[in-house]
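Q: predicted structure and sequence below. I'll ask about it afterward.
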Amino acid sequence: MNFTPQRPLFELVVQYETSTRVGENRFYNQDDYNRLLDYYELEWLYNQGLEVVDEAIELYPYTVEFLFRKVHLFIFLEKPEQALRELRKAEAMVPGSFDLKLHKAWILADLEQFDESVEILYELQDSIINKQDLSLVYFYEALVRERKGEMNKTYQTLKRAIELDPTNTEALEKMWWCMNRLCYQEKNIELFKKVVDHDPYSWWGWFNLGTGLEYGCRYREAIEAYEFAMVIDETKDMAFRYCAEVCFNTNQYEKALRYFEECARKFNADADMYLKIAVCYAKLNKIPAAKKFLFMAIDENEFNEEAYFQLGECYQREGDFKNALLHYKKAINLFPLREEIFRGLGQTYAKMGKPEHARKYFNRMIEIGPDVLENWTTYIEFLYQINELEKALEMVDKASTYHSCSSLKYYRIAYQVVMGRVSEALYYLEEVLSEDFGSHRFLFEAEPRLSKMTEITDFINKFEKEKLSVY
């Protein structure tokens, strides 16, 4: 038996294009033409693909496959009239073909002839018994519904396609897009559990399950699902990215760092990924590594205010206040309405012993973000540290107009004690302990010395024994 090995694709493409350019005659077998068409489709060179397929049809006029490939090229070029014309030629050669009817339904939908398109698909649904073929019909119906703008029907038909054939990769992939569009991720957890039970090596099954679990705040299970997807196919970056993001958002910085760095090695990292890697290093107290990746993020996007802000945070932690101020101010120039940047500036000036500068930036922080409790507590603690006790109490009262929380009440009591107003403080302390005993740690966070003041600790212990023992 003679066997002729396939020539390398690169060599085939170069030979074809060279002979085309110089006008040489050539002859290729059907497999070579299909490989050339695969290449031009992959490279989105559809017009060149049309030249190849016309030549193939001329040489092999009775090969219906090339007519279908020409139909595909016209679909890719968004020329449905020409696609339908070529499809009718194929229809004369293979009347009643299943693939032909599916393509015709799609092309008619592209021509906005939706009734005719759906009628073809309904006829197929009534006549087909094979579940995989029927799943494919429902998938095409979903494409038609999407083209028509009927998103809920798109979702329902995709779900039916997956239920009929859990290995229908095209339906699984389209379902991910549809779920995101409709925010239906959580609704499909049980569906995708059935998919992975049926096919444990389904990448889209595990990935879609992960997105549903993540959307339902079931983060540990979501991470496990993404990890299965990563093992099944290491060439797809989305599972790595999504898994890393879940770990990052749930403060699992070591695990997030591992997945972000693996993703960066395998795929093209962008400014956002470098930034997330840097934050992970910073959270793990590895400041030099964090700064390295922040500069990489800036190299990718010089207008990234978050990277400049994080650099300011890193330099502040290192005690390099000059560089901290420089990078905070670069961040403000890019985004002047972020209270965290003003908070960082205020904290830096406070550490530098420049309270008036710090006060200016803390006031701006409060103006921008009065709804953020941390802004108030930061300013209140600053005022207390520079011994402006009355001003600190005044800020506690202002903060209380925005935030009704026990922590602020404990701050007020701590400062009243320090100012010598112990009887008044104990009166309010009993009231706050009754409201929220579990948060009394804020009293000692506001002023750690109170933990050694027996009058306060005895009062709290007595309250706990008398009031809470009944529970």
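A: In hand now; what should we look at? Numbering: from 1, shown residues only.
Q: contacts and neighbour counts: CA atoms only from here.
A: Noted.
Q: torsion angles phi and psi at residue 168?
A: Main-chain torsions, residue 168, degrees, to the nearest 10: phi -70, psi 90.
Q: make that residue 286, sorry
A: For residue 286, the backbone dihedrals (degrees, to the nearest 10) come out as phi -110, psi 80.
Q: so for it, what pLDDT did the model give?
A: Looking at residue 286, its pLDDT reads 98.
Q: and if you look at residue 10?
A: In the prediction, the pLDDT value recorded for residue 10 is 85.
Q: ok, residue 6 next?
A: 67.
Q: just residue 245 next, same as before
A: pLDDT at residue 245 comes out at 97.
Q: same deal with residue 463?
A: So, for residue 463, pLDDT stands at 88.
Q: pull out the buried positions in the host helix or strand of residue 424.
A: Taking DSSP states H and E as the criterion, the element that holds residue 424 is helix 422-435. Judged by neighbour count using 16 or more other C-alpha atoms under 10 Å, the buried positions of helix 422-435 are 422, 425, 426, 428, 429, 432, 433.
Q: next: stretch 364-371.
A: Counting neighbours by 16+ other C-alpha under 10 Å, the buried set in stretch 364-371 is 364, 365, 366, 368, 369, 370.
Q: same for the helix holding residue 424, what does it pack against?
A: helix 406-418, helix 454-468 (3 or more C-alpha pairs under 8 Å, 6 or more residues apart in numbering; DSSP states H and E).
Q: most tightly surrounded among these?
A: Compared across these, helix 406-418 shows the largest average neighbour count, a mean of 22 (mean count of other C-alpha atoms under 10 Å).
Q: re the thing from before, Provide the contact partners of the helix holding residue 424 at residue level.
A: Counting by C-alpha atoms under 8 Å, 6 or more residues apart in numbering, helix 422-435 makes contact with 406, 409, 410, 413, 414, 416, 417, 440, 456, 463, all of which sit outside it.
Q: export those as a markdown table, with columns for distance to residue 322.
A: Below are the contacts of helix 422-435 laid out as a markdown table (distance: C-alpha to C-alpha, whole Å):
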| residue | distance to residue 322 |
| --- | --- |
| 406 | 37 |
| 409 | 36 |
| 410 | 35 |
| 413 | 37 |
| 414 | 34 |
| 416 | 36 |
| 417 | 37 |
| 440 | 38 |
| 456 | 42 |
| 463 | 49 |
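Q: specify which member of those is nearest to residue 72.
A: The shortest approach to residue 72 among the contacts of helix 422-435 belongs to residue 406, at 65.9 Å (C-alpha to C-alpha).
Q: was I right about that closest one contacting residue 436?
A: Yes: Residue 406 is in contact with residue 436 according to C-alpha atoms under 8 Å; the separation is 6.6 Å.
Q: picking that back up, of the contacts of helix 422-435, closest to residue 178?
A: Of all the contacts of helix 422-435, the one sitting nearest residue 178 is residue 406; the distance, using C-alpha to C-alpha, is 43.8 Å.
Q: and the closest one, how far from residue 396?
A: 11 Å (C-alpha to C-alpha, to the nearest Å).
Q: pull the number of nearby residues for residue 388.
A: Using other C-alpha atoms under 10 Å, residue 388 has 14 other residues around it.
Q: let's have the chain start at 6 instead
A: Will do, 6 is the new start, and the previous item becomes residue 393.
Q: and the gap between it and residue 320?
A: Residue 393 sits at a distance of 28 Å from residue 320 (criterion: C-alpha to C-alpha).
Q: show me the shaky parts of the stretch 206-355 of the chain.
A: By pLDDT under 70, the stretch 206-355 of the chain has no low-scoring segment.
Q: how about the helices in it?
A: In order along the chain, the stretch 206-355 of the chain carries the following helices (DSSP state H, counting those that start in this stretch): 208-220, 224-237, 242-254, 258-271, 276-288, 292-305, 310-323, 326-339, 344-356.
Q: Throw those into TSV and include mean neighbour count and distance to residue 163, thanks.
A: Converted to TSV, the helices of the stretch 206-355 of the chain look like this (neighbours: other C-alpha atoms under 10 Å; distance: least, C-alpha to C-alpha, whole Å):
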stretch	mean neighbour count	distance to residue 163
helix 208-220	26	13
helix 224-237	20	21
helix 242-254	21	21
helix 258-271	19	30
helix 276-288	23	32
helix 292-305	20	39
helix 310-323	24	39
helix 326-339	20	44
helix 344-356	24	44
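Q: residue 79: which of the ones you listed is closest?
A: Smallest distance to residue 79 across the helices of the stretch 206-355 of the chain (C-alpha to C-alpha): 28.8 Å, for helix 208-220.
Q: what residue lies at the spatial centre of the chain?
A: A centroid search over the chain (C-alpha atoms, centre = their mean) returns residue 247, at 5.9 Å, as the residue closest to the centre.
Q: roughly how far apart are residue 266 and residue 251?
A: From residue 266 across to residue 251, the span is 15 Å (C-alpha to C-alpha).
Q: which one of the helices and strands packed on helix 427-440 has the lowest average pLDDT?
A: Per-segment confidence across these bottoms out at helix 459-473, which has a mean of 85 in mean pLDDT.
Q: which other helices and strands contact that helix?
A: Helix 459-473 makes packing contacts with helix 427-440 when contacts are defined by 3+ C-alpha pairs under 8 Å, 6+ apart.
Q: go again with 6 Å.
A: Contacts of helix 459-473 with other secondary structure elements, assessed using 3 or more C-alpha pairs under 6 Å, 6 or more residues apart in numbering; DSSP states H and E, are absent: no helix or strand is involved.
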